[in-house]
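> structural data only, the sequence is not supplied:
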């Protein structure tokens, strides 16, 4: 029984981590909205908001990368399952494991090198070339963090499939289909 308790605790921790990523994505999206509204007000006052376009672009990247893990776990990322859907359970499980392992390797590579890029920007004090010299390691931080969250989610799914269960993204898609919600499939 202690193992089940630990798994429940780990599951809660992982779900909280994915939720935190989604929360950061939502805050980034809210930041874009606030930046756009501030630009509207400033234009009415015949003023410009310095670096608004740069900051909006950085927040757009943050929104995208922080949302990846939660979106993946809910089965809302683009996924081509035409071949997998035709396989029987045994071969399908093997194919899922292979695809998840390949995805984990790819995300580990992306996470590592984007983290290296962010650290290099920090070390050389790289700043944006716009009207406001924003240190570029701040916006660059979202890419390795978001990629790292997605890597954790992929490894999480690999373990779920390895233990013989259906992947969370498949379960979520099946639950939406059973409820008549095909919005994520469009």
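All right, it came through fine. These numbers come from a predicted model, not from an experiment. Numbers count the residues shown, from 1 in each chain.
> can I assume residue 118 sits in a strand?
No. Under DSSP: H, G, I helix; E, B strand; the rest coil, residue 118 falls outside any strand and is assigned helix.
> off-centre distance for the worst-scoring helix or strand of the chain on mean pLDDT?
Least confident helix or strand, the chain: helix 82-86 with a mean of 77, by mean pLDDT, DSSP states H and E. Distance, stretch centre to chain centre, for helix 82-86: 25 Å (C-alpha atoms, centre = their mean, to the nearest Å).
> which other helices and strands contact it?
On a contact count with 3 or more C-beta pairs under 8 Å, 6 or more residues apart in numbering; DSSP states H and E, helix 82-86 meets helix 89-123. The way it works is simple: take the backbone N, C-alpha and C, and place the C-beta from them, glycine included.
> which residues sit against the helix or strand following the helix it packs on?
Sequence order places helix 137-140 as the next helix or strand after helix 89-123, per DSSP states H and E. If you take C-beta atoms under 8 Å, 6 or more residues apart in numbering as the criterion, helix 137-140 is touched by 58, 61-62, 114, 117-119, 121-122, 126.
> quick check: angle from the helix or strand following helix 137-140 to helix 89-123?
On the C-terminal side of helix 137-140, the nearest following helix or strand under DSSP H and E is helix 142-162. Interaxial angle of helix 142-162 relative to helix 89-123 (axes from the mean of the first three to the mean of the last three C-alpha atoms, to 10 degrees): 160 degrees.
> what does helix 142-162 rub up against?
In contact with helix 142-162 (C-beta under 8 Å, 6+ apart) are residues 14, 17-18, 21, 28, 58, 61-62, 64-69, 72-73, 93, 96-97, 100-101, 103-104, 107-108, 110-112, 114-115, 118, 166-169.
> among the residues you listed, name the buried ones.
Neighbour-count burial (16 or more other C-beta atoms under 10 Å) applied to those gives 14, 17-18, 21, 28, 58, 62, 64-69, 72-73, 93, 96, 100, 103-104, 107, 110-111, 114-115, 118, 166-169.
> which helix or strand lies directly C-terminal to the helix or strand hosting residue 18?
Using DSSP H and E, residue 18 sits within helix 2-44. Counting by DSSP H and E, the next helix or strand C-terminal to helix 2-44 is helix 52-73.
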